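*Asks:* dropping a prediction and its sequence here:
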Amino acid sequence: MRAREFINEGRFGTIQPDVARSLPASYAITSLPNQDPYLQYRFGVAIAGAKGAEQRRRDNVKPYKRSTPWGQNEIVVSYDPDIEKWIDDALGEMGMKSSDAKQLSTFTSEEDTDVDKVSPVRKYKGALGT
């Protein structure tokens, strides 16, 4: 078999009718470039969220935002109790002010208020129940 028998450059760019029939619902999204993996990730999150829109409305969940709440800002997450001092010192070294850092959460890592923290399984009391 020769290459020209199975390569036909004129057919590139479209899905042939017999192939299109065998695919499930397929879409080309021209405004979503395949060179931006973060944008594709965000679209995947958005499409997953769109499927649950009805449930989110019933549960009164805030709508999906097009951008992150922090934009392109540096985020520091730390369990170090002195992190605020280190951030302030580092900002000072760079000629910035302590007020440039805004604390977003508390120092304790806590469960959400609607999370049950008590196990429904009883504790093991030993082989004989003692």
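*Replies:* Received the coordinates, thanks.
*Asks:* any low-confidence regions in the protein?
*Replies:* For the chain, the stretches flagged by pLDDT under 70 are 1-15, 64-66, 68-71, 128-130.
*Asks:* and the longest helix for it?
*Replies:* Ranked by residue count, the top helix of the chain under DSSP state H comes out as helix 37-51.
*Asks:* now for Asp88, how many residues are close by?
*Replies:* Neighbour count for Asp88, taken as other CB atoms under 10 Å: 16. Glycine gets a C-beta too; all of them are placed from N, C-alpha and C.
*Asks:* who's in contact with it?
*Replies:* Neighbouring residues of Asp88 by CB atoms under 8 Å, 6 or more residues apart in numbering: 98, 101.
*Asks:* so how far is the longest helix of the chain off the chain centroid?
*Replies:* Helix 37-51 sits 8 Å away from the centroid of its parent chain (CA atoms, centre = their mean, to the nearest Å).
*Asks:* list the buried residues for that helix?
*Replies:* By neighbour count, and taking 16 or more other CB atoms under 10 Å as the criterion, the buried residues in helix 37-51 are Arg42.
*Asks:* what does it contact?
*Replies:* By CB under 8 Å, 6+ apart, the surrounding residues in contact with helix 37-51 are 29, 32-34, 56, 64.
*Asks:* next structured bit after that helix?
*Replies:* Proceeding N to C from helix 37-51, the next assigned helix or strand is helix 53-59, under DSSP states H and E.
*Asks:* distance between that next one and the chain's centre?
*Replies:* On the basis of CA atoms, centre = their mean, helix 53-59 sits 19 Å off its chain's mean C-alpha point.
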